[in-house]
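Trainee: I would like to see how this sequence folds:
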Amino acid sequence: MSLSEGLREMPSNAAWLLSRARDRRRKVSAAMLDAAPVGGDSVEIRMKRAHDAAERAREVEQRAVEAEQEAKDYSDHAREVSEHGRARVTEVNRETERQVKQRVAEAEKAAAEAVKGERRAAEADAEEERQEVRGEVDEEIEAAERDAEAARQRAQELVADATEQLADARRLAEEAAEAARAAAEEAHRQAQQLADEAQQQASDAEARVKAAEQVREQSAGAARHTARELERNPTNGGLQSYNKPELIELAASIGIEGRRSMSKGELVDAIAKASRRR
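Mentor: Okay, here's the model as predicted:
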């Protein structure tokens, strides 16, 4: 039997003890009647025996009352113990709940600190990786810019070379034309003196003029090609990067009329249009 069951049944045990004491008193009275002889002892002896039996019954009853009181005391004590035990259980439950909450709070705090630490570490790693990637991208950009600068320099050199060659071609064409004109004049003058010889010289001069015109046409074609390339690939500003005297010279090479009266924008437009014509 458990402690709680014993405590619940203790009041009924006290009642049982009281009933046992009463039964014992009745048995003692019956024993007194049974013990009296039918015709032997005197009334005094019988009264003494009855008195003794009554005393014993009172003693038994007194012990029963004391036992009942003792049982009641035990019951009260058991109730106090039970109430104290329930209070203690309640207090233990409250304390354990407090400890559980405290430990959970501490665990949550530790977990939050761990999360913060991991976040800081992750952010540091991410920043390091970003710095590394930015460094690589900067190096790639610098390399691309160096390549672009080298390409621009090569283009400038090619443009300068083409301009120089164009100037040489124009000079040669002018020299050839001047020489052809001089030869023609000389031939015409001599033709006045000697008709046959002059006719032959005139034919020779015309041939030289045609050759000079071919040279001029070749020079104009080279100029148109240069203008087309500048228009298609304006890496260094295209035709806009030329000053007006240079544009006038380029227009003369192509054969543009009225070039000296044009503005720089008109020269650029005229040269661009002429370069697109074959």
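Trainee: average pLDDT across the helix or strand containing residue 118?
Mentor: If you go by DSSP states H and E, residue 118 is part of helix 43-193. Averaged across helix 43-193, the pLDDT comes to 86.
Trainee: now for that helix, which elements pack on it?
Mentor: helix 3-35, helix 195-232, helix 244-254 (3 or more Cβ pairs under 8 Å, 6 or more residues apart in numbering; DSSP states H and E). Every C-beta, even on glycine, is put in place using the N, C-alpha and C of the backbone.
Trainee: Confidence-wise, which of the ones you listed is weakest overall?
Mentor: helix 3-35 (a mean of 57).
Trainee: that older thread, what's the offset of the helix holding residue 118 from the middle of its chain?
Mentor: Its chain's C-alpha centre and that of helix 43-193 lie 11 Å apart, by Cα atoms, centre = their mean, to the nearest Å.
Trainee: what number of residues lie near residue 72?
Mentor: 13 (other Cβ atoms under 10 Å).
Trainee: what's the distance between it and residue 65?
Mentor: Using Cβ to Cβ, to the nearest Å, we find residue 72 at a distance of 10 Å from residue 65.
Trainee: again, but for residue 134
Mentor: According to Cβ to Cβ, residue 134 and residue 65 sit 101 Å apart.
Trainee: of those two, who's got more company?
Mentor: A count of neighbours by other Cβ under 10 Å puts residue 65 above the other of residue 134 and residue 65, at 13 against 10.
Trainee: how much space between the more buried one and residue 58?
Mentor: 10 Å.
Trainee: Equivalent analysis for residue 86, please.
Mentor: 41 Å.
Trainee: Checking residue 41 next. Helix, strand or coil?
Mentor: Following DSSP: H, G, I helix; E, B strand; the rest coil, the label given to residue 41 is coil.
Trainee: Around it, count how many other residues there are.
Mentor: 14.
Trainee: Same check on residue 262?
Mentor: As a burial measure, residue 262 scores 19 neighbours (other Cβ under 10 Å).
Trainee: for the one 5 residues further on, same thing?
Mentor: Residue 267 has 21 neighbours, counted by other Cβ under 10 Å.
Trainee: now the angle from the strand or helix carrying it to helix 244-254?
Mentor: Using DSSP H and E, residue 267 sits within helix 264-276. Relative orientation of helix 264-276 versus helix 244-254 (axes from the mean of the first three to the mean of the last three Cα atoms, to 10 degrees): 30 degrees.
Trainee: helices and strands around helix 264-276, which ones?
Mentor: Secondary-structure packing of helix 264-276 (3+ Cβ pairs under 8 Å, 6+ apart): helix 195-232, helix 244-254.
Trainee: May I see the buried residues of the last one?
Mentor: Judged by neighbour count (16 or more other Cβ atoms under 10 Å), helix 244-254 contains these buried residues: 247, 248, 249, 250, 251, 252, 253, 254.
Trainee: isn't the fourth one right up against residue 167?
Mentor: Pointing back at residue 250 there. No: using Cβ atoms under 8 Å, residue 250 is not in contact with residue 167; the gap is 9.9 Å.
Trainee: Read off the pLDDT value for the closest residue to residue 252 other than its chain neighbours.
Mentor: What sits nearest to residue 252 in space, not counting adjacent residues and going by Cβ to Cβ, 6 or more residues apart in numbering, is residue 259, at 6.3 Å. pLDDT recorded at residue 259 is 88.
Trainee: Give the burial count for residue 183, as a bare number.
Mentor: 18.
Trainee: let me redo that: residue 266
Mentor: Residue 266: 15 neighbours (other Cβ under 10 Å).
Trainee: and what of the one 3 residues further on?
Mentor: The burial count assigned to residue 269 is 13, neighbours taken as other Cβ under 10 Å.
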